[in-house]
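Asker: I would like the atomic coordinates for the input below:
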Amino acid sequence: MNYCDLIKLKSGSDVRGIASDIFKPVTLTDEAVYIIMRAFCAWCEQKYDKKPKAIAVGHDVRISTDRILKQVLNAVTDAGIDAVNCGLCSTPSMFMLLKSKFGCDASVMITASHLPADRNGLKFFTPDGGLKEEDIEHILKIAAEGNFEVSKKLGSVTNRSFLPYYCLSLIDKVRTACGEERPLEGKKIIVDAGNGAGGFFCDMVLKPLGADTAGSIYLEPDGTFPNHVPNPEDKGAIDCLRDAVLKEHADLGIIFDTDVDRAGAVDCDGREINRNDLIALAAVMALDGKKGTIVTDSVTSDGLTKFIESLGGKHLRFKRGYRNVIDEAIRRNAEGEFCPLAIETSGHAAFADNYFLDDGAYLVTRILICLAKQTKKGQTLGGLIEGLEHPAEENEVRISFNSSSKDFRAEGNMVIEDLKRKAKENNLALAPDNYEGVKISFGKDDGDGWFLIRMSVHDPVLPINFESNRAGGNKIIAAKLYGLIKGYPFLDTANLEKFIQNA
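Answerer: Numbering: from 1, shown residues only. From the prediction side, this is the model:
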C-alpha cells in the first residue's frame, strides 16, 4: 500500500477505518493492519534502539475484532517479537500494564472508541504514553516503504489478561482514600456499559467495594450496539441511564464509552453530570484545596471559569481535541506550572497523578471516593458543584463547504482570519484568551454571550459554539455571525440559517 492510501487511516493520534462492509467498502484491510503493525514494531525498535521483547494486544467488542486481532498477532510474531493477547479489556488498562511488571515493552489496543459498529482501529502505547500525531505519520511512512521479511525466529503468542490487576489497583485506591474495605456498602450504583467493554466494572470493581449493582444495564459485550450508542455524550444513552437510576432509586449512575477511556454520570436525582458539570466535579477532586490550572477544551462555559476560580484555580480554555488538552497540561507542568487535570467536554479526563492518561474507569473511581466521603458528611455528590452557574442557552451548529470548495482547510482558515479582521474593524470583543478559531463576545443588549467558530480537527466542517446568559440570546448572536460570513461562495450556511429561524 502507498502512503496516500495509508494516511487516510490516520485519525489524530490513532489509526481508524471502515473494518466491516455493513454500509461501505472496507478500508482497514488485512494488508493495512498487518503492515501498520509491522511498522509499529520497527518504529519501536528505532525509538528505543532495541527490538521489543513482548508487545501486549487488547481489544474492545467490535464485530471486526477477530479478523484484525489475527493480523496484529501475526505481524508481531513475524517480527520476531512475543505477543501477549490480553483479550477484551479497556484502552487505559493497555497503557497501565506498561507501568506494571507485566513484562511488555509496548501495547496496542484494537478499538474505534464510540464510532459506528462498522469501524475499528489501532491505538498504540509505549511506557512514555500514547503516541502523537507525528508518531502515527512516521509509522505510516515506514509501512508504505517497508517490504517486511518474516523473522527467522518467530515470536510466540501467550493469552493473559491484565484486567484483574488493573481493577485491583482501582479498588485499592478507593479503600486507601476511604479507610474502609467496603466503603460503598449500602450504595446502589447503576452501570450502563452500552454493550461495550465496560461491563467488567460492576463485578470487578463495584461489588468488591460493597456496592449493590442490581439494575445495571447493557453489560453484555455486543459489537452491534443494539441498545444505544456507547457514548457518554449521546442524549439517548444518558436518557437510558437516567431512567435506570430513577427506576432503581440508585445513588449514582455511571456510563462508559466503548473502550472505557471516557465516562459520564447521573446523580440520585437524575441530574446529568457531564460536560461542564463533569469538569467542575473533576476540578474539585484535582485541586483539592490547592491552587492550580485546569486545562479544558475551548467550548467550556463562562460559568465553569467562575467555578474553577472560586476553588482558587485558574481555567485555561485551550484547543479542541483531547490530545491537545493533555499535551498542553503536560507542557505547562514541565515548565513548573501546577496543572493537575486536563479534561475535554467529551469526557476525556486525564489526571496528573495518573500519568495524564484519559481513563474513564479512573475518573469514576475518583467520583466513587467523593460519593463515599460526601455520604459520611450527610451530603450529596451534587453538593460539590452546586455553585456552578449554567448558561441559559448552549448550542452547536456545524456549517460545511459546498461543491465549489477547492481546499476546505485553506478556505476555512481564510474565513477565520477575515473574521478577526472584521472584528477589529467593527469594534467587536475578540476573546483575549482564545487558542483556536475566532471567539467574539457580545454585551447584554446584543445577545449576552459569545460564539466560537473554528476548523474541525478532522472533518471539512466549521463547528460554531454559542453560549448566552439569556433566552433567545444565541439566535441574536448567530444572526450577527451570519452577517459576517454570508458572502463566502464556498460555504454552505444552511444549518446556520435554519438555526436562526428556529432558535
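Asker: contacting residues around I416?
Answerer: Residues in contact with I416 (Cβ atoms under 8 Å, 6 or more residues apart in numbering) are G437, V438, I453, R454, M455. To be clear about C-beta, it is placed using only N, CA and C from the backbone, and glycine gets the same treatment.
Asker: looking at this, it is in a helix?
Answerer: Yes: the assignment for I416, made by DSSP: H, G, I helix; E, B strand; the rest coil, places it in a helix.
Asker: In the contacts of I416, find the pair that's most separated.
Answerer: With Cβ to Cβ as the measure, no two of these lie farther apart than V438 and M455, at 10.6 Å.
Asker: higher neighbour count, those two?
Answerer: More crowded of V438 and M455, by other Cβ atoms under 10 Å: V438, with 23 against 20.
Asker: quick one: that one and I453 touch, right?
Answerer: Yes: assessed by Cβ atoms under 8 Å, V438 is found in contact with I453 at 5.5 Å.
Asker: between these two, what contacts are shared?
Answerer: Common neighbours of V438 and I453, counting by Cβ under 8 Å, 6+ apart, are I416, L419.
Asker: quick one: contacts for the residue nearest to the spatial centre of the chain?
Answerer: The centroid of the chain falls nearest to H348 when counting by Cα atoms, centre = their mean (3.6 Å). For H348, the contacting residues are D261, R262, Y322, V325, I326, D358, by Cβ under 8 Å, 6+ apart.
Asker: Can you tell me the closest non-neighbouring residue to L281?
Answerer: Nearest residue to L281 in three dimensions, chain neighbours excluded: I385, at 5.3 Å (Cβ to Cβ, 6 or more residues apart in numbering).
Asker: Present the contacts of I416 as CSV; the columns should include pLDDT, distance to S468 and secondary structure.
Answerer: Shown next, in CSV, are the contacts of I416 (pLDDT from 0 to 100; distance: Cβ to Cβ, whole Å; DSSP: H, G, I helix; E, B strand; the rest coil):
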residue, pLDDT, distance to S468, secondary structure
G437, 95, 18, coil
V438, 96, 17, strand
I453, 97, 15, strand
R454, 96, 18, coil
M455, 92, 23, coil
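Asker: Please produce CSV containing those, extended by distance to Y218.
Answerer: Formatted as CSV, the contacts of I416 follow (distance: Cβ to Cβ, whole Å):
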residue, distance to Y218
G437, 37
V438, 41
I453, 37
R454, 34
M455, 35
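Asker: between the residues you listed, which is nearest N85?
Answerer: Using Cβ to Cβ, M455 is the member of those that lies nearest N85, at 39.6 Å.
Asker: wait, doesn't the closest one sit right on M414?
Answerer: No: judged on Cβ under 8 Å, M455 makes no contact with M414 at a distance of 10.7 Å.
Asker: What distance do you get for the residue of the chain most remote from its centre to G382?
Answerer: The centre of the chain is farthest from one residue, K152, which by Cα atoms, centre = their mean lies 40.3 Å away. Separation of K152 from G382 (Cβ to Cβ, to the nearest Å): 62 Å.
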